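give me a 3D structure for the following:
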Amino acid sequence: MHRNFYWPNWRVTAFAAVLLLLTACDTGAGATSTSVTPPPAPTTPPTPQITIDATTRLFIPFITVVDPTTEGTTVTFVNNDTVPHDVRTVPLADPTEAAFVNVSGRIAKTIPAGGNVTLSLTKPGIYDLYDDTQATIDPHWKRVRAKANTAGFPYAAEAVIWVKGTIAGLPKTTQNGVTAGNDDFMHDFVALAAGGKATWHDYDTDKHYVTDPGTFGPNINPTKFGDGLNVIKGTVDAPPDGGNMTLTFTTPGLYYYFCTAHADFDPYLQRDRAHPDSSIFPMPMEGFVLVQ
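Purely as a prediction, here's the structure:
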């Protein structure tokens, strides 16, 4: 016999109350799980860092690029050595550098042993700095020269910083060259508008080179220039006055070069080392082209 399933009225009422309570609980749990997540706190852009190596007492890296749009305009020098070191601006070697080299004026800071110093570099351009405890300014060549018997010799404690940004009035052409009887470029730094041309003239007897060591950092040598070796003929190969060599720079960036006839490139320090028989040893035969 089939028996009808029957619940008394009080059981129906109780079941309905429990069901209503469970529904309310589920609604509350759902509301909690869909709450709005607060936005993350703003982060401080990373500060580019230059380290004083405790063994060589050199600035590492030699070249630093600062992008104000992503990193701000400060650079921190960290002294890993057990003695204090200094950071000083290199005096301008030529009036043509004034528009784009050390544009924020004189910098003179002492970095305590194991400590650090932060520089605020708000103006776009190149900052050429050195440590006068390890190096000096050569009075004739107006370049940084390593002091004898320093740990990093023949490398000088020098740091080149490029702060990106617009520099008004950069030319489309610029001149550089090699001085007669010397293994040195006439200008350490030249600057060009993108698409501009730089010309080197060799007043010396032997040939020299504007050698591209290749890309070795963000925005540093971003593209190959010329054939990579870029010979400049001296008066022996291009009599009677020596030859010209012209390069066109279309891609913005900071370009570093050196003469392979009088220096070797160190991939770790990312800088060239002057040959002992170079006429201006220990100073290396090197230079920079800023393109924007």
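
which parts of the chain belong to which domain?
Annotated domains of the chain cover 44-165, 169-292 [automatic domain parsing].

please report how far the closest residue to F281 other than its chain neighbours lies from K172.
Nearest residue to F281, sequence neighbours excluded (CB to CB, 6 or more residues apart in numbering): A274, at 4.9 Å. Yep, even glycine has a C-beta here, placed from its N, CA and C like the rest. To K172, A274 is 32 Å away according to CB to CB, to the nearest Å.

comparing those two, which residue is more hemmed in?
The residue with more neighbours, out of A274 and K172, is A274; 24 against 10, by other CB atoms under 10 Å.

dump the domains of the chain to CSV, plus mean pLDDT.
Shown next, in CSV, are these (pLDDT from 0 to 100):
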stretch, mean pLDDT
domain 44-165, 95
domain 169-292, 95
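
ok so T70 is a strand residue?
No - T70 is assigned helix when assessed by DSSP: H, G, I helix; E, B strand; the rest coil, not a strand.

what about it, neighbour count?
As a burial measure, T70 scores 9 neighbours (other CB under 10 Å).

same deal with P239?
Counted with other CB under 10 Å, residues neighbouring P239 total 11.

quick one, phi/psi of it?
P239 adopts backbone torsions of phi -70, psi 160, taken as degrees, to the nearest 10.

the strand or helix carrying T51: which residues count as buried?
Per DSSP states H and E, T51 falls inside strand 49-52. Using 16 or more other CB atoms under 10 Å as the test for burial, strand 49-52 gives I50, T51, I52.

cool, stretch 131-148 as well?
D131, T133, Q134, A135, R143, V144, R145, A146, K147.

contacts only, for the closest residue to the third one other than its chain neighbours.
By that I understand Q134. Nearest non-adjacent residue to Q134, counting by CB to CB, 6+ apart: A157, 3.8 Å away. For A157, the contacting residues are 52, 57-59, 85, 130-131, 133-135, 144, 146, 150, by CB atoms under 8 Å, 6 or more residues apart in numbering.

do L254 as well
The neighbours of L254, taking CB under 8 Å, 6+ apart as the test, are I63, V65, I126, W162, N219, I220, N221, F288, V289, L290, V291.

which of the residues you listed fall within strands?
Judged by DSSP state E, strands contain the following of those: I63, V65, I126, W162, F288, V289, L290, V291.

coming back round to it: look up how far D183 lies from the residue nearest to F281.
8 Å.

just the strands in the stretch 51-200 of the chain please.
Assigned by DSSP state E, counting those that start in this stretch, the strands in the stretch 51-200 of the chain fall at 59-60, 63-66, 74-79, 85-89, 108-111, 116-120, 125-130, 135-137, 144-146, 158-163, 173-178, 189-192, 196-202.

select, out of these, the one closest to T215.
strand 63-66 (11.9 Å; CB to CB).

can you list the buried residues in that closest one?
Using 16+ other CB under 10 Å as the test for burial, strand 63-66 gives I63, T64, V65, V66.

nearest to D227, of those?
The closest of the buried residues of strand 63-66, once distances to D227 are taken by CB to CB, is I63, at 22.8 Å.

what's the nearest residue to the closest one once chain neighbours are set aside in contact with, if anything?
Distance criterion CB to CB, 6+ apart; nearest residue to I63, sequence neighbours excluded, is V160 at 5.0 Å. Shown in contact with V160 (CB under 8 Å, 6+ apart): F62, I63, T64, I126, Y127, D128, L129, F288.

that older thread, and which of the contacts of A157 is nearest F258?
The closest of the contacts of A157, once distances to F258 are taken by CB to CB, is V144, at 14.8 Å.
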